[in-house]
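Participant: Make a model of this:
(chains A, B, C and D)
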Number of protein chains: 2
Amino acid sequence: MYTIKEVAKIMDVSEHTLRFWAKNGLFPEIKRDQNNVRLFNDNDLEWVKIVKCLRKVGTDNKSIKRYIDLCLVGDSTLKERYQIILDTKEKALNQMEDLKNQLEVLDYKQAFYENLIKNNLSDPWNPANKIQQAKEMAL
Amino acid sequence: MYTIKEVAKIMDVSEHTLRFWAKNGLFPEIKRDQNNVRLFNDNDLEWVKIVKCLRKVGTDNKSIKRYIDLCLVGDSTLKERYQIILDTKEKALNQMEDLKNQLEVLDYKQAFYENLIKNNLSDPWNPANKIQQAKEMAL
DNA sequence: TCTTGACTGATAGCTACTCTCAAGTCGTAA
DNA sequence: TTACGACTTGAGAGTAGCTATCAGTCAAGA
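Facilitator: Now for the predicted structure:
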């Protein structure tokens, strides 16, 4: 059994966020002790894990709740849940692709700056420099 | 020269977001025609590209504005800007790593569901089933 | 007994959009 | 000439998902 603080540490999710998720029904009911303090068990940790996973790939909380609710309905929703996982995987792969593209932009920028710094050049992008260049061309 | 609508299409960023970014100083001043309509040139498109890139890897707008402002200052900020690009690259790589981890979680889930569906089994996670299992064990 | 620390829910605030709206401009068709 | 439709503008309201603050409860230790 874990307190919310321990779960926050183990799962690397803030206590605030865990309470927010709990309040919004993103976990099945979590047990409380006699003082109303939440006590997470290992199974609850698995729920946190899947919610965290779905959030990380950008699933909105409404859709996550829907998935959780399907889980609680029982076996009749197995195929629908399976499909959600497949769709989520595709989303994650698209995001990887997107990140790769952004990395290319950053690689280009890096090379651009390295060239300027190494050769002690001026930034041809800078509007101020543009004016300067225009002046030079006009001479 | 491109209207905001064209830029939105070319860069795959909504007109709303472009106006929002512009209002918050995430682009250098953009030219307007006699009717106050924004006219983006190819250089502006490059600004949109870098802002989009920074946002995609989770940079907050304040930090993006700071980067843009550094760009406008001129060559004295080249090294600082270079460092921002390097830091951003690292952030992007961390995110890739994170996504890979989440994909593993999803792969596991996929296998889990495939097993249940193929073998026509009950979800051992379902709280309702847990009760059932407990009952069966009690028999 | 008092203090410290952990927890609680309610609520306020924040970021980054996202949407709606009234108003202005343009080209074309009746 | 006027009406229309498609486009733009800024202002401002609304939203998602946290994030932070707060007052209050409780148990354990000095």
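Participant: List the contacts of residue A:102.
Facilitator: B:53, B:56-57, B:92 (C-beta atoms under 8 Å, 6 or more residues apart in numbering or on different chains). For every residue, glycine as well, the C-beta is placed using N, CA and C.
Participant: so it, which of the three states?
Facilitator: Of the three states, residue A:102 takes helix under DSSP: H, G, I helix; E, B strand; the rest coil.
Participant: Please report how far it lies from residue B:29.
Facilitator: Remark: distance between residue A:102 and residue B:29 (C-beta to C-beta, to the nearest Å) = 25 Å.
Participant: domains for chain A, by residue range?
Facilitator: Annotated domains of chain A cover A:1-73, A:74-139 [automatic domain parsing].
Participant: where among those domains is the average confidence lowest?
Facilitator: Note on the domains of chain A: domain A:74-139 shows the lowest mean pLDDT, a mean of 84.
Participant: Can you tell me which residue is spatially central in chain A?
Facilitator: Residue closest to the average C-alpha location in chain A (C-alpha atoms, centre = their mean): residue A:56, at 2.9 Å.
Participant: Am I right that that one is in contact with residue B:95?
Facilitator: No - using C-beta atoms under 8 Å as the test, residue A:56 is too far from residue B:95 to be in contact (9.2 Å).
Participant: hmm, back to that, for the residue nearest to the centre of chain A, what are phi and psi?
Facilitator: For residue A:56, the backbone dihedrals (degrees, to the nearest 10) come out as phi -60, psi -30.
Participant: before we move on, the earlier item: could you list which of the contacts of residue A:102 belong to helices?
Facilitator: B:53, B:56, B:92 (DSSP state H).
Participant: Show me which of these is closest to DNA strand D.
Facilitator: Distance ranking of the ones in helices among the contacts of residue A:102 against DNA strand D, using C-beta to the nearest atom of the strand, places residue B:56 first at 16.8 Å.
Participant: what's the nearest residue to that closest one if we skip its chain neighbours?
Facilitator: In space, and not counting its chain neighbours, residue B:56 is closest to residue A:102: 4.8 Å by C-beta to C-beta, 6 or more residues apart in numbering or on different chains.
Participant: Distance check, the one you found against DNA strand D.
Facilitator: Applying C-beta to the nearest atom of the strand, to the nearest Å, the value for residue A:102 to DNA strand D is 21 Å.
Participant: For DNA strand D, what's its nearest residue on chain A.
Facilitator: Counting by C-beta to the nearest atom of the strand, chain A gets nearest DNA strand D through residue A:60, at 2.9 Å.
Participant: Cool, thanks, talk later.
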